[in-house]
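Participant: heads up, no residue letters with this:
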């Protein structure tokens, strides 16, 4: 009789331990998923900030008056569209348009003409724009990386069955053409490679 | 008169503005004026083998950019800017006529740098408000230099008034009416009893061109006319059209992109031209071409189309984006030979006012009005600009100063 009672107690205790363990395990996975969602949001906010900064740098270059009027008009309208409050899919379109407009206007020849002005203000604006474009590339990679990780985790069996994501919307990657224009003066890249004394290019500075 | 025309879009690809500019140039030359057209053109080696017309000057290669919601092939940049200045300086124009100056291309550069009297034609002016807000500070100094503004239609004019401020006179797009009226009928495109021919023109892949509306009208139309043939002429992937038509794709005949001469013959041969466009038309030049060819027109009731068809007396109008109404009206028209003939006859009389002989005269009147003002004030102030030769010398001197 007391043997039976002992077995019962043992079974109940074992059950409690197993259930407790399961609960802990699930909540740990939910917390991990939550961290991933937080990372999605923070990297996405960084991407939005980077895109906005690129549009602002474009507008500043337009306002400098250093460009010919047609180039200025193209960039101004592309930047204006890019800062409009839009749906996600439309945003991808307008940001890609801005990237293409920047590359169409800031061809190597046109950039050389800007550098040849030897205008400190214009140099500063070009450097700002180059940095802003590089940041978009980086921020988008980080944001999409976070999205891919979160989606992969959400797709696992346990997460789906236990409904660990709750009502959080399924994150989407941000797919745009973000290839930046080449903004360095002609021959500058070679100079950097030849001599370590040159200041590092923006890409190195950011990546480091 | 020495006239400089500036077209912002590349002459490498066909388009409404390009066609308008080259027709205007030809007509002005015929009338004994000196004309030079500045436009983006690819370098000869990459372009088509046929030589450029002598009046055409290249401003440089074109770059496709997306502006104002569609892709345009335009030219810009520092080198292009220099070419525009040189063209202006070497041309010694009495008047410079810009087309679509609010596009990121050479017309804008010319507007801001030219010293000759400026006339501008606005073809669409359907600017997105946000882009326009960004653009206005850049273009306003140029817009203030314009001595005269022309809009190609009442709708284009309203957009100029609303978005850019100031007014514009309406001078419609021109059409060589006789070229269409004399176009030969081709047997293979002609309707026969029991097998009428319906014609659709344009880039059928673009939703606003309304091919989808026509495709949805096909079941009802074929129920009334089982032998119906639908000719579709325009750039695009035929599979898209077949997909839209579904089971009724068999009545479609995809002709692809056609030459101007073939287009005229198509219009002259078909029993009915349908224009089911759903948006974005500021004038409707194709309707005028169809009317010139003596083809009855069935069009959606867009404001521009209603105006060209005079509210429905010169062609039939149906509600925009309504396949059922389109099918019913088209079937009724195909049944009624008498009505088709009457509408086409009325249209070919009314269409004369769009003929280039009339339109070019209106454009020239605008030039002359502008010049009389310029010469009048210059003479009154005792400036040498009152004398054309002296004015040219002055411009030459200024040009020498601008160019290195």
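Facilitator: Done, it's in. All of these numbers come straight from a predicted model, not from anything done at the bench.
Participant: hey, where'd the helices end up in chain A?
Facilitator: Using DSSP state H, the helices of chain A run over residues A:2-63, A:69-82, A:88-105, A:108-116, A:120-154, A:157-161, A:188-194, A:202-207.
Participant: what helices or strands is the third one leaning on?
Facilitator: Helices and strands touching helix A:88-105, by 3 or more Cβ pairs under 8 Å, 6 or more residues apart in numbering or on different chains; DSSP states H and E, are helix A:2-63, helix A:69-82, strand B:63-67. For the C-beta atoms, the positions are set from N, CA and C on the backbone; glycine is no exception.
Participant: kindly recompute the last result at 6 Å.
Facilitator: In terms of contacts (3 or more Cβ pairs under 6 Å, 6 or more residues apart in numbering or on different chains; DSSP states H and E), helix A:88-105 is packed against helix A:69-82, strand B:63-67.
Participant: please identify the buried residues of that helix?
Facilitator: Of all the residues in helix A:88-105, those buried under the rule 16 or more other Cβ atoms under 10 Å in any protein chain shown are A:91-105.
Participant: the inter-axis angle of it versus helix A:2-63?
Facilitator: Inter-element angle recorded for helix A:88-105 and helix A:2-63: 40 degrees (by axes from the mean of the first three to the mean of the last three Cα atoms, to 10 degrees).
Participant: and helix A:88-105, what's its mean pLDDT?
Facilitator: For helix A:88-105, mean pLDDT is 91.
Participant: tell me, how many residues neighbour residue B:129?
Facilitator: Burial of residue B:129 is recorded as 10 neighbouring residues (other Cβ atoms under 10 Å in any protein chain shown).
Participant: distance check, it against residue A:77.
Facilitator: Taking Cβ to Cβ, to the nearest Å as the measure, residue B:129 falls 11 Å from residue A:77.
Participant: just residue B:276 next, same as before
Facilitator: Distance of residue B:276 to residue A:77, computed by Cβ to Cβ: 31 Å.
Participant: so between those two, which is more surrounded?
Facilitator: Legend: neighbour count by other Cβ under 10 Å for residue B:276 and residue A:77, higher for residue A:77 (30 against 26).
Participant: need the per-residue pLDDT for that one.
Facilitator: On pLDDT, residue A:77 comes in at 90.
Participant: how about the one 5 residues further on?
Facilitator: On the pLDDT scale, residue A:82 is placed at 90.
Participant: shouldn't it be in contact with residue A:94?
Facilitator: Yes. Between residue A:82 and residue A:94 there is a contact at 4.9 Å, judged by Cβ atoms under 6 Å.
Participant: so who does residue 28 touch?
Facilitator: As the question left the chain open, I've gone with chain A. Neighbouring residues of residue A:28 by Cβ atoms under 6 Å, 6 or more residues apart in numbering or on different chains: there are none.
Participant: to clarify, I was referring to chain B.
Facilitator: B:3, B:35.
Participant: now do 8 Å
Facilitator: Residues in contact with residue B:28, defined by Cβ atoms under 8 Å, 6 or more residues apart in numbering or on different chains, are B:3, B:35, B:360, B:364.
Participant: leaving out the residues flanking it, which one is nearest to residue B:180?
Facilitator: The shortest distance from residue B:180 to any non-neighbouring residue, by Cβ to Cβ, 6 or more residues apart in numbering or on different chains, is to residue B:292 (3.6 Å).
Participant: neighbours around the one you found, how many?
Facilitator: A count of neighbours around residue B:292, defined by other Cβ under 10 Å, yields 26.
Participant: repeat that for the one 5 residues further on.
Facilitator: The criterion is other Cβ under 10 Å. On that basis, residue B:297 has 28 neighbouring residues.
Participant: and it, how far is that from residue B:333?
Facilitator: Distance of residue B:297 to residue B:333, computed by Cβ to Cβ: 10 Å.
Participant: and residue B:4, what are its phi and psi?
Facilitator: Dihedral pair for residue B:4: phi -110, psi 120, per degrees, to the nearest 10.
Participant: check contacts around it.
Facilitator: Contact partners of residue B:4, counting by Cβ under 8 Å, 6+ apart, are B:35-38, B:87-88, B:91, B:93, B:95-97, B:116.
Participant: pipe the helices and strands packed on helix A:88-105 into TSV and attach distance to residue B:188 per row.
Facilitator: Output for the helices and strands packed on helix A:88-105, formatted as TSV (distance: least, Cβ to Cβ, whole Å):
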stretch	distance to residue B:188
helix A:69-82	45
strand B:63-67	36
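Participant: among these, show me which one is buried the most.
Facilitator: helix A:69-82 (a mean of 27; mean count of other Cβ atoms under 10 Å in any protein chain shown).
Participant: what is it packed up against?
Facilitator: Applying 3+ Cβ pairs under 8 Å, 6+ apart, one finds that helix A:69-82 contacts helix A:2-63, helix A:88-105, strand B:63-67, helix B:106-113, helix B:129-143.
Participant: and residue A:155, how many residues sit next to it?
Facilitator: There are 10 residues near residue A:155, going by other Cβ under 10 Å.
Participant: if anything else comes up later, I'll come back, but that's it for now.
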